[in-house]
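1. need coordinates for the following:
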Amino acid sequence: MLTPDKLKEIQKKAMEAVSDMPEGELKTKAFEVFLQHLLAYEAQPPASRQFPTTQKTKLEQRKMSREPGTVKSRILLLKDEGFFQVPRKITDVKNELHAHGWIHPNTALSGRLQGLVRERYLRRVKDKVWKYVNP
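-> Sure thing, here's the model as predicted:
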């Protein structure tokens, strides 16, 4: 049973969790989510308490299963996100990787992209320059 003091403590923890966020709808929703998780945690018997986990989508599971840090895995993450649904030049790929915080020169990408074409992860089409697209 939750006492009023315990409820105040839980509310305080949820407020602390969102204290650095700017005021607005996002902060309100984040507070609600934290509060809900903390209340669910407190409702469990002490012996079996675990923080609730959310189910990961198939995309998140694939992202986690990829070998982190390799150029190939990063390109495959872009593919999983739907980046190659339209034909893309090497510079497009470079810029999108850069937007994710991964800096790679064109020379590091061209060979990896061709390898992904050979492995049939991507397809290559000629339109003045080579472009890469989902098969």
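2. how about low-confidence regions in this protein?
-> Applying pLDDT under 70 to the chain flags residues 1, 45-68.
3. so what are the domain limits for it?
-> Domain assignment for the chain, taken from automatic domain parsing, gives 4-48, 58-133.
4. in a markdown table, list these along with mean neighbour count.
-> Quick note: C-beta positions are derived from backbone N, CA and C, even for glycine. Shown next, in a markdown table, are the domains of the chain (neighbours: other CB atoms under 10 Å):
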| stretch | mean neighbour count |
| --- | --- |
| domain 4-48 | 12 |
| domain 58-133 | 14 |
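5. now the longest helix seen in the chain - C-alpha only, PDB.
-> As assigned by DSSP state H, the longest helix anywhere in the chain is helix 25-43. Listed in PDB are the C-alpha atoms of helix 25-43, where the atom choice follows Å, rounded to 0.1, in the frame of the first residue of the first chain:
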ATOM      1  CA  GLU A  25       4.200  19.200 -23.500                       C
ATOM      2  CA  LEU A  26       7.300  17.000 -23.800                       C
ATOM      3  CA  LYS A  27       8.300  17.600 -20.200                       C
ATOM      4  CA  THR A  28       4.800  16.900 -19.000                       C
ATOM      5  CA  LYS A  29       4.600  13.600 -21.000                       C
ATOM      6  CA  ALA A  30       8.100  12.600 -19.800                       C
ATOM      7  CA  PHE A  31       7.000  13.300 -16.200                       C
ATOM      8  CA  GLU A  32       3.900  11.100 -16.700                       C
ATOM      9  CA  VAL A  33       5.900   8.200 -18.100                       C
ATOM     10  CA  PHE A  34       8.500   8.400 -15.200                       C
ATOM     11  CA  LEU A  35       5.700   8.600 -12.600                       C
ATOM     12  CA  GLN A  36       3.900   5.600 -14.200                       C
ATOM     13  CA  HIS A  37       7.100   3.500 -14.200                       C
ATOM     14  CA  LEU A  38       7.900   4.400 -10.600                       C
ATOM     15  CA  LEU A  39       4.300   3.600  -9.500                       C
ATOM     16  CA  ALA A  40       4.400   0.300 -11.300                       C
ATOM     17  CA  TYR A  41       7.700  -0.500  -9.700                       C
ATOM     18  CA  GLU A  42       6.400   0.200  -6.200                       C
ATOM     19  CA  ALA A  43       3.200  -1.900  -6.900                       C
END
